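Student: Here's my sequence, what's the structure:
(one chain, ligands or ions: 1)
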Amino acid sequence: MNEFWHDAGCAFHPVSAPDYLPVEQLRQLQIHRLKAVTQRAYDHVALFRKRMDARGVTPADVQTLKDIALLPFTVKVDLRDTYPFGLFASPMNEVVRLHASSGTTGKPIVVAYTRDDLRVWASVMVRTFAACGLDRGDIVQNAYGYGLFTGGLGAHYGAEALGATVIPISGGNTDRQIMIMKDFGTTALCATPSYFLRILERAPQIGVDLRELPLKAGIFGAEPWTDEMRKRIEPEANIKAYDIYGLSEIIGPGVGSECCEQNCLHIFEDHFYPEIIDPETLEPLPDGTEGELVLTTLSKQAMPMIRYRTRDITSLQTEACPCGRTIRRIRRISRRSDDMFIIRGVNVYPSQIEEALLAVEGTAPHYQIVLTNDGTMDDVEVQVEVTPEAFSDTVGAMEGLRRKLSSSIERIINIRVNLRLVEPNTIQRSEGKAKRVLDLRKQ
Ligand code: DLL
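Tutor: Just a heads-up that it's a prediction; the model follows:
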């Protein structure tokens, strides 16, 4: 049992000092850094300079934080168009690391780090782990994939810098994950929430009860997951499941994290300046209003990102968090503006389906949304696994469950979808990011 655990929780940890800066001081720091990063991007990145020139804006026009609205946006396509190194602001002999994120099509996007960038990355990951109540003495099993994906090395160096003991196991090989968790006394697991579901499902099959292990915390991110999912996971594993957020273009994991309140994610805004915009009009939205998260890296050297449109939908919460951190929070990201699909004219997000399914007892948290088109109209089928207990019920009971699920979805999205109950273990399990939507319309 980890002796530090009980004192951790929301207690102030020295490594997290920047989380608690007086707001005025934080704003001063941000404006100072915003001016510097704008100048750096203007001086060293052709695409950015061209866009600023086209708008008739110079770095000297940025004098207050509000002036950020003068700056042009950056989007994912810009990274593709300048593949591989076109957005770098540092010479190659200062770039010490590259990562890449495989997009849905063609070439990946490439991101770069100087030595200082790596220091910042480790520091925001240290703050992430501290916010989730971890400290030296914790044994952190890192099941995020190592490699070009930022999850593995990002979490690795952060946990090490915190002084925790890191097990660099990477994703996959579930039986070995469980054995190590048990034998090494893992106290925290870093993984995608969908991979943790796989671990959760496998453990009893090999005779391990996760609730009896020293495991106390799950540091889950890299994909959307709902509060309903958390309600399922926490009691089943007897852990606290924390949501952490980040994206390769900005740094990787370490952009934001929940604290022990588990209510919205603090953004490490001394390094990543958040704005919320209307994705249609591109106008900034007031705090509390839902819109697209736009991030500007305030300290990145190798690859500064100015007003990067994340496509992630959330809102900024400005009320003080009871944990005492002064950095602002965002609501959990339930959806991306580009993962929406339209059925019979209605906009639907996968997270709405997840919320509806998990609100009903008798289902396993494994589902898939299949989109088809018969030549005239789009259709959707939601496939959900039932628990082995529910599966052995009578036909009548199964039909009752199907109807319950169907109306639970209808209550949330206002239309009826085809709902198919499938046998336990038929939906593919993920070792990284889950693919919830199977879109067969394009074939
Ligand atoms: O997924 C970085 C990461 C690794 C974050 C490990 C957290 C933990 P990318 O592969 O570039 O980077 O994917 C970034 O994943 O724009 C979101 O759409 C989604 N995402 C990441 N974290 C969350 C989260 C990493 N907590 C994209 N909730 C982002 C919802 C998330 N979506």
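Student: For the residue nearest to Ala143 when sequence neighbours are not counted, grab the count of nearby residues.
Tutor: Counting by Cβ to Cβ, 6 or more residues apart in numbering, Ala191 is the residue found nearest to Ala143 once chain neighbours are left out, at 4.0 Å. For glycine as for every other residue, the C-beta is placed from the backbone atoms N, C-alpha and C. As a burial measure, Ala191 scores 27 neighbours (other Cβ atoms under 10 Å).
Student: Test my guess that Ala191 contacts Glu223.
Tutor: No - with contact defined as Cβ atoms under 8 Å, Ala191 does not count as touching Glu223 (10.5 Å).
Student: The closest residue to Ala164 other than its chain neighbours: neighbouring residues, count only.
Tutor: Of all residues not flanking Ala164 in the chain, Asp138 sits nearest, at 4.3 Å (Cβ to Cβ, 6+ apart). Other residues lying near Asp138 total 25 when counted by other Cβ under 10 Å.
Student: repeat for Thr296
Tutor: So Thr296, with other Cβ under 10 Å, has 26 neighbours.
Student: Quick one: residues contacting Arg329.
Tutor: 256, 263-267, 316-317, 321 (Cβ atoms under 8 Å, 6 or more residues apart in numbering).
Student: Residue of the stretch 101-250 of the chain nearest the ligand, please.
Tutor: Proximity of the stretch 101-250 of the chain to the ligand (Cβ to the nearest ligand atom) peaks at Gly221, 2.9 Å away.
Student: typed the wrong thing, it's the stretch 301-443 of the chain
Tutor: Evaluated by Cβ to the nearest ligand atom, the stretch 301-443 of the chain has Ile333 as its residue closest to the ligand, separated by 3.8 Å.
Student: list the contacts for that residue?
Tutor: 224, 245, 293, 312-314 are the contacts of Ile333 under Cβ under 8 Å, 6+ apart.
Student: repeat for Gly163
Tutor: Contacts for Gly163 (Cβ under 8 Å, 6+ apart) come out as 135-136.
Student: what's in contact with stretch 227-238?
Tutor: Residues contacting stretch 227-238 (Cβ under 8 Å, 6+ apart): 193, 196-197, 200, 210-211, 215, 218, 239-241, 243, 262, 332, 354-355, 358-359, 365.
Student: Among these, which are located in helices?
Tutor: 193, 196-197, 200, 354-355, 358 (DSSP state H).
Student: Keep those residues, but drop any that are not near the ligand.
Tutor: Among the ones in helices among the contacts of stretch 227-238, not one lies near the ligand by Cβ under 6 Å from any ligand atom.
Student: and those as JSON lines, adding distance to Phe149, neighbour count and pLDDT?
Tutor: Listed next are those as JSON lines, based on distance: Cβ to Cβ, whole Å; neighbours: other Cβ atoms under 10 Å; pLDDT from 0 to 100:
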{"residue": "Pro193", "distance to Phe149": "16", "neighbour count": "24", "pLDDT": "96"}
{"residue": "Phe196", "distance to Phe149": "17", "neighbour count": "25", "pLDDT": "97"}
{"residue": "Leu197", "distance to Phe149": "19", "neighbour count": "22", "pLDDT": "96"}
{"residue": "Leu200", "distance to Phe149": "22", "neighbour count": "19", "pLDDT": "96"}
{"residue": "Glu354", "distance to Phe149": "23", "neighbour count": "22", "pLDDT": "94"}
{"residue": "Glu355", "distance to Phe149": "27", "neighbour count": "19", "pLDDT": "93"}
{"residue": "Leu358", "distance to Phe149": "27", "neighbour count": "21", "pLDDT": "93"}
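Student: between the residues you listed, which is nearest Asp53?
Tutor: Closest approach to Asp53 among the ones in helices among the contacts of stretch 227-238 (Cβ to Cβ): Pro193, at 43.8 Å.
Student: That closest one and Ile239 touch, don't they?
Tutor: No - the pair Pro193 / Ile239 is not scored as a contact, 11.8 Å apart, by Cβ under 8 Å.
Student: Give me the common contacts of those two.
Tutor: With Cβ under 8 Å, 6+ apart as the test, Pro193 and Ile239 both reach 218, 233.
Student: Name the residues of the helix or strand where Val111 lies that are buried.
Tutor: Under the criterion of DSSP states H and E, Val111 resides in strand 109-114. Across strand 109-114, burial judged by 16 or more other Cβ atoms under 10 Å covers 109-114.
Student: So which residues of the stretch 101-250 of the chain form helices?
Tutor: For the stretch 101-250 of the chain, applying DSSP state H, counting those that start in this stretch gives helices covering 115-131, 150-162, 174-183, 193-205, 227-237.
Student: What's the mean pLDDT across the third one?
Tutor: Averaged across helix 174-183, pLDDT comes to 98.
Student: Also the second one?
Tutor: Mean pLDDT, helix 150-162: 98.
Student: Tell me which residues are up against that helix.
Tutor: 15, 97, 99, 101, 111, 118, 121-126, 128-130, 134-136, 138, 140, 142, 144-146, 166, 168, 170-171, 190, 192, 219, 221-222, 246, 248, 251-254.
Student: Strands of the stretch 251-400 of the chain, residue ranges please.
Tutor: 252-257, 265-267, 272-277, 291-297, 308-314, 316-317, 329-330, 335-336, 341-343, 346-348, 363-373, 378-386 (DSSP state E, counting those that start in this stretch).
Student: Out of these, which is the most enclosed?
Tutor: Most buried of those by mean neighbour count (mean count of other Cβ atoms under 10 Å) is strand 252-257; its value is a mean of 28.
Student: So which elements touch it?
Tutor: helix 115-131, helix 150-162, strand 240-247, strand 265-267 (3 or more Cβ pairs under 8 Å, 6 or more residues apart in numbering; DSSP states H and E).
Student: Could I get these in CSV, plus columns for distance to Thr394?
Tutor: What follows is the helices and strands packed on strand 252-257, written out as CSV (distance: least, Cβ to Cβ, whole Å):
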stretch, distance to Thr394
helix 115-131, 48
helix 150-162, 44
strand 240-247, 34
strand 265-267, 44
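Student: can I get the ones you listed in JSON lines with distance to the ligand?
Tutor: Putting the helices and strands packed on strand 252-257 into JSON lines (distance: least, Cβ to the nearest ligand atom, whole Å) gives the following:
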{"stretch": "helix 115-131", "distance to the ligand": "9"}
{"stretch": "helix 150-162", "distance to the ligand": "3"}
{"stretch": "strand 240-247", "distance to the ligand": "4"}
{"stretch": "strand 265-267", "distance to the ligand": "7"}
